[in-house]
Structures are given as structure tokens and as C-alpha cells.
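S.K.: Have a look at this fold, sequence not included:
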């Protein structure tokens, strides 16, 4: 019996992957210049089942106000069914949707940054939306993975 | 037979996990965003700089990964396994053809009081009067990209836990070529002076908590007020408030714009986007990752028979950046939102 338990524990330990701690920010450096990464990012968002609701060109606003800047944009993304859920049942989350990804140039490379949606568990512990936040986190990681894999 | 299969399958999966522990893979996933794929720096310091690698021990790198720099962007990677941290350090070390220096944990004996005077005369101009370091991150959109070095915060608990006295002394004696850090031995200080400086830097350990972030647990996640006006009137009032506070109105849009079919948006949910580009430019110098806050956004929302004004609380989100300098920006932005909402409801 003990031998059997030992083997099961051993197997369980072997199967446990190295889970990274949930970081507050999900960030990636992409070894591709900004314009190409921007195109890939939007395609990746759509491939993940989201709509790109808007792209905010922060750099254009800065430049028109007289400030030097590299390319800096925000990509807003949402799914209609999730928006509907939040509007009808969880309005406290409204200021945080659509979700957004910050994308900016650093030389010939590009940085992607977004808030880890798991952080919403701390912001809204009583909403019972842990599954949705986990889904968002998984989706964003997959969106970033897809962008990175195409570099 | 089944047992052999199960154990073999487990071993295969374990081997796969170990393959992912390769230093370069782990570095690319955890470090490259800030430090660059080849360690050339970016938001973070350039790790591949020869003078840096020649002066820091592997133990310093391990402890830096473990402790991070509280309040100075570099996070503490507590969930990485020891072998993963070691693999990352080995990858970083592979950029140098010299062996890693080894320092003992022996204290350097010096006079901290004399060291404080020397620090004020020789170090404070870069590292700050209290050793708080230079402002901002390495590369921002306002800094020349050839200068990704900022004076580190010597009073930071993560630095003090990572750097031995001998390492600090070595850096003071030799300087770091390619950075503004000069050799103070060549600059006229004696070895005893340098020992005194090390004693002063070590004395920062007594200022516990000086580099930690302010707690945000008690902050609300959203700023919300009920408006006595209709959605349209509330939006008009907010537009006036935005302009009176010297913010530029960027856009008024339905919450569902771009998400649902055009023409089917709920008109009772409106976002007002605005920006003060001067403030934004200053904030980007502090941390280029602040897109989470952009642009300034207030949402007007018809909820049943109530009209609500809502905004995400920037102060609540400030701790995700581990950047103490952003705290004041986030505090100020929270106040801007509160003032905007107050003015719209007046």
C-alpha cells in the first residue's frame, strides 16, 4: 500500500509543471519592429475570438502636442457576450472593459504590456468571476504567445 | 507493464519540463522584456555590460532575482525554482568570457559617519542624498537610448540583501566602465575612505521599509458617484469638467462601440476619454508601461433608474508596476478623477 502511494506521489510530483507565479503585469518583448508587431497583435486578438474595438494612437497625441515619442498605442479588445455579462450583472467592472493591451516600440523591437486579469480577483473578490478572469489571462497569454511565435 | 508505462510517461513529461528550464528560455520569458534579449537593457539595466558582469557575483544575481528591488520596478521572482534561477544566472554569465567574481560575506570595517560625509560629496549627485537612486527607468521615450544606465538605489532593501560589502567596495574601487560610475580610488579617495563609504551604505539597512510601496488594500477599485442628471446631461457636464481642468477631450463613445454591430450600441453607456499630454509625457519618463491608465477615462452608465459616473482608481492599480515614483502620479490622477466627477455633479 505504502509502495503504491509512494509511486502515486512520485508520479504526481513528476507531472507538476513549473507554474510561474501570477505576475501583476503580463509583458513580452517581441524581436520585430513596431508596425509588423502591431499588425500581428491585432490578428492574434481576432484569432482568439475577440474584437478589436479601437486602437488609441497615444504617440500621435503626444507628437501633436510637441513631445518626442516612439510609437505607442493601445489596443482595446472585447467579446460581445462577455461585455453583456458585465453590463448586466457586474457593472463594477465596466471601467476596466474593453480590455486593453499597451504596445510600444523600443528600437527595432516591440514591447507588449497588459494588466494580468487575475489581478481582478483582488479588485473584485466578491463578484464570483474567477473563471472569467482566468479565461482572460489564458487568452492574453495565448495572444502574446501567438505574436511571439511569429517573430 | 502499466506501472512501467505510467512511470515512463511521467519521466518523459519531467524531461520536457526540464528542457523548458534552459537558461535562455527562462531568461527570454522572465527577463528579456525589460533587459533585452541580449542583455543590452531597456526598461531594466544592461546586464551584458562587461564592467557589470566583471564586478557582480553569481550570488548577487541570484539574490537580486529572488528579492527584486521593492518599489524600483524589478520584481521579486519568488515562484521560480532554484535550478531555474541558477539557469538564468548561467545564461547571463555566458555573455562574459571571464569567471564570475566571488565575494565573501565578511563585513567591511569603516566609519559610517565619515562615510556619510563622503557620500554627500561624491555619490549623492547620482545616487541621491539618501541613496534613493536616479529617477525613472533605464530607457524611456524621453531618454537617449545610448544611456540606459540610471544610478541604482543603494538604500533599497533588495539591493542591500543582494550586494555584499566586498562587492560594493570592489565597485567603488574599480568603478564600472561604460557607466557614469567612476573608480573612486582613481578619483582621489583612499581605501579607508572607501571602507567608510561601504559602512555608510550598509547603514541604510537600519531604515527598514524605506523602499517599500505604500499599501493599497484599503483603496476602492473604482471611483463611483451617482448623478442626479440624465446620461446626456451628465456627459455634457463631464466634457465641461474635462476642459476646465486643462485636459484635452479625446473622444466620446458608446461603451459597446466596436464590440457590437454598429447602430446596436446601448446609448445609456458612454465613455469620455481625455488626456493631459504634458502630464502624460512626465509620467512616461517615470515608467513607459503606464498604458494601463491611458487615456483618462470616465464612464457614464445608466444602471436601472440610476445614472452612475465611474472610473478605475489609478491608486489601486499603482502597485502592479512596483515603481514607487508612480505612486504620486497615481495619487494625483485619482484626485483629478474625483475633481472631474465633483465638477460634473455640481
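M.R.: It's in. Bear in mind that the values here come from a model prediction, so they are computed numbers and not experimental data.
S.K.: would you say residue A:76 is within a strand?
M.R.: Yes. Under DSSP: H, G, I helix; E, B strand; the rest coil, residue A:76 sits within a strand.
S.K.: what is it paired to in the beta sheet?
M.R.: Beta-bridge partners for residue A:76, by DSSP bridges, are residue A:54, residue A:100.
S.K.: Counting neighbours, what do you get for it?
M.R.: If you count neighbours by other C-beta atoms under 10 Å in any protein chain shown, residue A:76 ends up with 20. Backbone N, C-alpha and C define where each C-beta goes, glycine included.
S.K.: mind listing what it touches?
M.R.: When contacts are counted by C-beta atoms under 8 Å, 6 or more residues apart in numbering or on different chains, residue A:76 touches A:52, A:53, A:54, A:55, A:56, A:98, A:99, A:100, B:258.
S.K.: other SSEs contacting the helix or strand harbouring residue A:42?
M.R.: Residue A:42 belongs to helix A:34-47 when assigned by DSSP states H and E. Packing partners of helix A:34-47 (3 or more C-beta pairs under 8 Å, 6 or more residues apart in numbering or on different chains; DSSP states H and E): strand A:51-57, strand A:72-78, strand A:99-106, strand A:109-115, helix A:130-149.
S.K.: ok now that helix, how far from the chain's centre?
M.R.: 13 Å (C-alpha atoms, centre = their mean, to the nearest Å).
S.K.: who's in contact with it?
M.R.: Residues from elsewhere that reach helix A:34-47 (C-beta under 8 Å, 6+ apart): A:30, A:32, A:51-52, A:55, A:70-71, A:73, A:75, A:77, A:101, A:103-105, A:110, A:112, A:143-144, A:146-147, A:150-151.
S.K.: in it, what counts as buried?
M.R.: Residues of helix A:34-47 classed as buried: A:34, A:37, A:38, A:40, A:41, A:42, A:44, A:45 (neighbour count, 16 or more other C-beta atoms under 10 Å in any protein chain shown).
S.K.: Please apply the same query to stretch B:64-82.
M.R.: Residues of stretch B:64-82 classed as buried by neighbour count (16+ other C-beta under 10 Å): B:64-77, B:80.
S.K.: follow-up on the earlier one: what inclination does the helix holding residue A:42 have with respect to strand A:72-78?
M.R.: 10 degrees (axes from the mean of the first three to the mean of the last three C-alpha atoms, to 10 degrees).
S.K.: follow-up on the earlier one: could the contacts of residue A:76 go into JSON lines alongside distance to residue B:228, neighbour count and pLDDT?
M.R.: What follows is those, written out as JSON lines (distance: C-beta to C-beta, whole Å; neighbours: other C-beta atoms under 10 Å in any protein chain shown; pLDDT from 0 to 100):
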{"residue": "A:52", "distance to residue B:228": "36", "neighbour count": "18", "pLDDT": "97"}
{"residue": "A:53", "distance to residue B:228": "30", "neighbour count": "22", "pLDDT": "96"}
{"residue": "A:54", "distance to residue B:228": "30", "neighbour count": "19", "pLDDT": "95"}
{"residue": "A:55", "distance to residue B:228": "35", "neighbour count": "16", "pLDDT": "97"}
{"residue": "A:56", "distance to residue B:228": "31", "neighbour count": "21", "pLDDT": "95"}
{"residue": "A:98", "distance to residue B:228": "28", "neighbour count": "22", "pLDDT": "97"}
{"residue": "A:99", "distance to residue B:228": "32", "neighbour count": "20", "pLDDT": "97"}
{"residue": "A:100", "distance to residue B:228": "31", "neighbour count": "24", "pLDDT": "97"}
{"residue": "B:258", "distance to residue B:228": "30", "neighbour count": "18", "pLDDT": "94"}
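S.K.: What's the local residue count around whichever residue of the stretch 201-346 of chain B sits closest to chain A?
M.R.: Of all residues in the stretch 201-346 of chain B, residue B:291 sits closest to chain A, at 2.6 Å by C-beta to the nearest C-beta. A count of neighbours around residue B:291, defined by other C-beta under 10 Å, yields 25.
S.K.: Surely it touches residue A:74?
M.R.: Yes. Between residue B:291 and residue A:74 there is a contact under C-beta atoms under 8 Å: 5.5 Å.
S.K.: check contacts around the closest residue to residue A:34 other than its chain neighbours.
M.R.: Using C-beta to C-beta, 6 or more residues apart in numbering or on different chains and skipping the chain neighbours, the partner closest in space to residue A:34 is residue A:105 (3.9 Å). If you count contacts by C-beta under 8 Å, 6+ apart, residue A:105 has them with A:33, A:34, A:70, A:71, A:72, A:111.
S.K.: I figured the fifth one hits residue A:59, correct?
M.R.: Yes. In terms of C-beta under 8 Å, residue A:72 counts as a neighbour of residue A:59; the distance is 4.4 Å.
S.K.: Please say which of these two ends up with more neighbours.
M.R.: Between residue A:72 and residue A:59, counted using other C-beta under 10 Å, residue A:72 has the larger neighbour count: 25 against 19.
S.K.: check contacts around that one.
M.R.: Taking C-beta under 8 Å, 6+ apart, one finds A:58, A:59, A:62, A:102, A:103, A:104, A:105, B:141, B:284, B:288, B:291 in contact with residue A:72.
S.K.: switch the cut-off to 6 Å
M.R.: A:58, A:59, A:104 (C-beta atoms under 6 Å, 6 or more residues apart in numbering or on different chains).
S.K.: could you pick out which of the residues you listed are near chain B?
M.R.: residue A:58 (C-beta under 6 Å from any C-beta of the partner chain).
S.K.: Run through the bridge partners of residue B:303.
M.R.: Residue B:303 has the following beta-bridge partners by DSSP bridges: residue B:306.
S.K.: For burial, what's the neighbour tally of it?
M.R.: 16.
S.K.: Repeat that for the one 4 residues further on.
M.R.: Using other C-beta under 10 Å, residue B:307 has 21 neighbouring residues.
S.K.: same question, the one 5 residues further on
M.R.: Taking other C-beta under 10 Å as the neighbour definition, residue B:312 ends up with a count of 24.
S.K.: Give the phi and psi angles for it, as a check.
M.R.: Dihedral pair for residue B:312: phi -70, psi 140, per degrees, to the nearest 10.
S.K.: Give me the pLDDT for it.
M.R.: We have a pLDDT of 96 for residue B:312.
S.K.: swap in the one 3 residues further on?
M.R.: pLDDT, the model's per-residue confidence, is 93 for residue B:315.
S.K.: From what I see, it and residue B:334 are in contact.
M.R.: Yes. Residue B:315 is in contact with residue B:334 according to C-beta atoms under 6 Å; the separation is 4.4 Å.
S.K.: got the residues of chain A near chain B?
M.R.: Residues of chain A lying near chain B (C-beta under 6 Å from any C-beta): A:11, A:14-15, A:17-18, A:20-21, A:24-25, A:27-29, A:51, A:53-54, A:58, A:61-62, A:65, A:67, A:69-70, A:74, A:78, A:80, A:83, A:91-92, A:94-96, A:102, A:106, A:113, A:115, A:123.
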